[in-house]
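J.: quick one, structure for this:
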Amino acid sequence: MKKLMFSLAVAVTAFNCVAQSNSQTTKPVQMNFQDVYTVFITKDMKASKSFYEKWFGFTIVFESTFFVLMSTPGEHRVSVGFLNEVHPSSPPTAPALNARAGVFLTLQTADAKADYDKLTAAGLSVSYKLKDEPWGQRRFGIVDPNGMYIDIVEQIEPQPGFWDKYIEK
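T.: As a prediction, this is how the structure comes out:
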């Protein structure tokens, strides 16, 4: 609980530092981050937690009745949190995720085809079938219980010349 409260305090402090800075400032505020993670506000904590545990092997780092912090498996762990929409600590201007939220989550993997095959064989519904994109990604997409799109990508070689017209010279 102390770690959660400290993390929330760090997030509030960081927000206040950014909010109080002005466009004249050229030197960034020096902070000692202990962790950085995204928190998604949700209407259904149980479904969110179960989905990320079942399909991606996320483990629980911290859990309460209104917040869960989860981490990816493996050597390079990345965390994501879910906060109940109706809890008093929920930011007043941030409603729960929905299909129009304008946000998506990318999970980069070493072998998108193998992951696609495993997940579809296990019964996960895919909303964007596995495809090699010309910009250099093999990817597929799914939608989580909150309506958030999850882009599962593997970096591959782009088509020759694809990026030429997009890179400023």
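J.: excluding sequence neighbours, find me the nearest residue to residue 140.
T.: residue 130 (4.4 Å; Cβ to Cβ, 6 or more residues apart in numbering). For the C-beta atoms, the positions are set from N, CA and C on the backbone; glycine is no exception.
J.: tell me, how many residues neighbour the one you found?
T.: 17 (other Cβ atoms under 10 Å).
J.: measure it to residue 32 for me?
T.: For residue 130, the distance to residue 32 (Cβ to Cβ, to the nearest Å) stands at 41 Å.
J.: same check, this time on residue 41
T.: Separation of residue 41 from residue 32 (Cβ to Cβ): 27 Å.
J.: ditto for residue 67
T.: Distance, residue 67 to residue 32, by Cβ to Cβ: 23 Å.
J.: sec struct for the residue nearest in space to the middle of the chain, please.
T.: In the chain, the centroid-proximal residue (Cα atoms, centre = their mean) is residue 105; its distance is 4.3 Å. Three-state assignment for residue 105 (DSSP: H, G, I helix; E, B strand; the rest coil): strand.
J.: look up the closest residue to residue 122, ignoring the ones flanking it.
T.: residue 55 (7.9 Å).
J.: one step back: beta partners for the residue nearest to the centre of the chain?
T.: residue 150 (DSSP bridges).
J.: what kind of secondary structure is the residue nearest to residue 140 in?
T.: Classified using three-state DSSP, residue 130 is strand.
J.: ranges for the strands of this protein?
T.: Along the chain, the stretches classed as strands by DSSP state E are 38-42, 59-63, 67-71, 79-84, 104-108, 128-133, 137-143, 149-155.
J.: what packs against the second one?
T.: Judged by 3 or more Cβ pairs under 8 Å, 6 or more residues apart in numbering; DSSP states H and E, the packing partners of strand 59-63 are helix 45-56, strand 67-71.
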